[in-house]
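Colleague: next comes the sequence, and after it the predicted model I'd like to discuss.
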Amino acid sequence: MSIEIERAGHVATIRISRPEKLNALSLAMYEDLGKAFAETRDDDAVRAVVLMGAGERAFCVGADLMESIPALASDRFDISAWDPAHLKGMNFYKPIISAVRGLCIGGGFEIMLATDIRIAATDAVFQLPEPSHGFVPAGGTLVRLVRQIGYAHAMEILLSARRFGPEEMRAKGVVNQVVAPDKVEGVAHDIASHIATLSPTAIQTIKEAVLKLQDLPLEEAFAREAELGQRTFTSTDAKRGLKAFADRAAR
């Protein structure tokens, strides 16, 4: 069982690889997933990330309950240790595209919510079953979900603990596309590869702005937006891009 990182050009693929256990995360794998995110964040050659599970049966079913629940229930383990794996407080501004096949449940669903673009297979299954077990999805979902989609849709997913199909998730705005199972990885990588051709300064500033400005008062948000915009206008990427545009226009 492991967290694998592969690199091809400017795209890194992070794969949750424990298919015999539906890619359930052990405590060690949670730690390694956080490290993988940090490694790709800090690698200047990486401009976009694809996140996926190994095999065909599951993206990720969350924590290995046989290991984690006893530790949590006995208060021997602090759930905040999972923050890096759930991209809490990571300042991760590179785009992440998730490729979801099979089961996307519990902590797996929560990790998917930390990604930016989500491609789901027609065989994908989504669920936050935590309330049926007596606890809550506290891996960022209680904060993220209602901010990402409409209130009523978010509360249905959170409160019902039922399973949802991929088309339901697309209709609610949780996933971007639903494609055939054998197309999921390719579509996710095509999107990542395209984004990786764009200005990394612009792309990462866009994500930073969206994450940082959404809860600021309007005037403060506009002022901060202008600061971030000015930072990109004076960047090397912008100077290069504007020069190329001027050269084409002069022809």
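Modeller: All right, it came through fine. The model shown is predicted, which means the values in this text are computed figures rather than measured ones. Numbers count the residues shown, from 1 in each chain.

Colleague: quick one: low-confidence ranges for the stretch 1-150 of the chain?
Modeller: 1, 73 (pLDDT under 70).

Colleague: where does stretch 185-202 sit relative to the chain's centre, distance-wise?
Modeller: Put simply, stretch 185-202 sits 14 Å off its chain's centre (Cα atoms, centre = their mean, to the nearest Å).

Colleague: wait, stretch 15-32
Modeller: 16 Å.

Colleague: quick check: buried residues in that stretch?
Modeller: 15-19, 22-26, 29-32 (16 or more other Cβ atoms under 10 Å). No exception for glycine: its C-beta is placed from N, CA and C like everyone else's.

Colleague: what comes into contact with that stretch?
Modeller: 1-6, 33, 51-55, 57-65, 67-68, 71, 77, 81-82, 84-85, 102-103, 107-108 (Cβ atoms under 8 Å, 6 or more residues apart in numbering).

Colleague: between the buried residues of stretch 15-32, which sits nearest I203?
Modeller: R15 (22.5 Å; Cβ to Cβ).

Colleague: can you put the buried residues of stretch 15-32 in CSV and add secondary structure and distance to R240?
Modeller: Listed next are the buried residues of stretch 15-32 as CSV, based on DSSP: H, G, I helix; E, B strand; the rest coil; distance: Cβ to Cβ, whole Å:
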residue, secondary structure, distance to R240
R15, strand, 33
I16, strand, 37
S17, strand, 38
R18, coil, 43
P19, helix, 43
L22, coil, 46
N23, coil, 41
A24, coil, 45
L25, strand, 41
S26, coil, 45
M29, helix, 40
Y30, helix, 40
E31, helix, 39
D32, helix, 37
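
Colleague: ok, and what's touching stretch 71-85?
Modeller: With Cβ under 8 Å, 6+ apart as the criterion, stretch 71-85 contacts 25, 27, 30-31, 33-35, 37-38, 68, 89-90, 107, 111, 138-139.

Colleague: now a PyMOL select for only the buried ones of those residues.
Modeller: Those of these that count as buried under 16+ other Cβ under 10 Å are selected in PyMOL with:
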select buried, resi 25+30+31+33+34+37+68+107+111+139
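
Colleague: re earlier: now list the buried members of the contacts of stretch 15-32.
Modeller: Looks like these have 1, 3, 5, 33, 51-55, 58-64, 68, 77, 82, 84-85, 102-103, 107-108 buried, using 16+ other Cβ under 10 Å.

Colleague: those in strands, which ones?
Modeller: 3, 5, 51-53, 58-60, 103 (DSSP state E).

Colleague: for those, which one is nearest A120?
Modeller: So of those, ranked by how close each gets to A120 (Cβ to Cβ), first place is F59, at 8.8 Å.

Colleague: sticking with the most centrally placed residue in the chain, tell me its helix or strand.
Modeller: With distances taken as Cα atoms, centre = their mean, T115 lies nearest the centre of the chain, 1.5 Å away. Following DSSP states H and E, there is no helix or strand that holds T115.

Colleague: what about it, distance to V49?
Modeller: According to Cβ to Cβ, to the nearest Å, T115 stands 8 Å off from V49.

Colleague: list residues touching both of the two?
Modeller: Residues touching both T115 and V49 (Cβ under 8 Å, 6+ apart) are 96-97.

Colleague: who's the closest residue in space to A54 that isn't next to it in sequence bridged to?
Modeller: Leaving aside its sequence neighbours, A54 sits nearest to S17 (Cβ to Cβ, 6 or more residues apart in numbering; 4.0 Å). Beta bridges link S17 to S2 when assigned by DSSP bridges.

Colleague: let me know the pLDDT of A238.
Modeller: Looking at A238, its pLDDT stands at 67.

Colleague: repeat for A188
Modeller: Listed pLDDT for A188 reads 98.

Colleague: my read: it touches I97, true?
Modeller: Yes. Counting by Cβ atoms under 8 Å, A188 touches I97, with 4.7 Å between them.
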